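In: Predicted model follows, preceded by the sequence.
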Amino acid sequence: MELTTDQVRGMARAIGLEIPDADLTSVAIRLSGLLTVMEEIERDIGDRMDEVDPVPPVYPREEF
């Protein structure tokens, strides 16, 4: 999936993130690469991914 800098700018603004113009091309290239790989993973093992519970992104910490 190849994203344009305008698409990246629009997505960033939707979540309140301002990406400087100087960084937009780099962010678009990296995000496009990540989404391409995610598409490949989904194509290869997509059904099996539904059989596994997702890992929560944040773990509660014990108080000491």
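Out: Done, it's in.

In: Pull out the buried positions in the lengthiest helix in the chain.
Out: As far as residue count goes, and with DSSP state H defining each element, the longest helix of the chain is helix 21-49. Neighbour-count burial for helix 21-49, with 16 or more other CB atoms under 10 Å as criterion, is recorded at Leu24, Val27, Ala28, Leu31, Ser32. Any C-beta I mention is one placed from the backbone N, CA and C, and that applies to glycine too.

In: So what's the gap between that helix and the chain middle?
Out: Between the mean C-alpha point of helix 21-49 and the mean C-alpha point of its chain there is a distance of 7 Å (CA atoms, centre = their mean, to the nearest Å).

In: show me where pLDDT drops low in this protein?
Out: Scanning the chain with the threshold set as pLDDT under 70 gives 59-60, 62-64.

In: give me every residue that touches Gly10.
Out: Residues in contact with Gly10 (CB atoms under 8 Å, 6 or more residues apart in numbering): none are found.

In: okay, the angle between the helix or strand harbouring it and helix 21-49?
Out: Taking DSSP states H and E as the definition, Gly10 sits inside helix 5-14. Between helix 5-14 and helix 21-49, the angle formed by their directions is 80 degrees, by axes from the mean of the first three to the mean of the last three CA atoms, to 10 degrees.

In: Thank you kindly, that will do.
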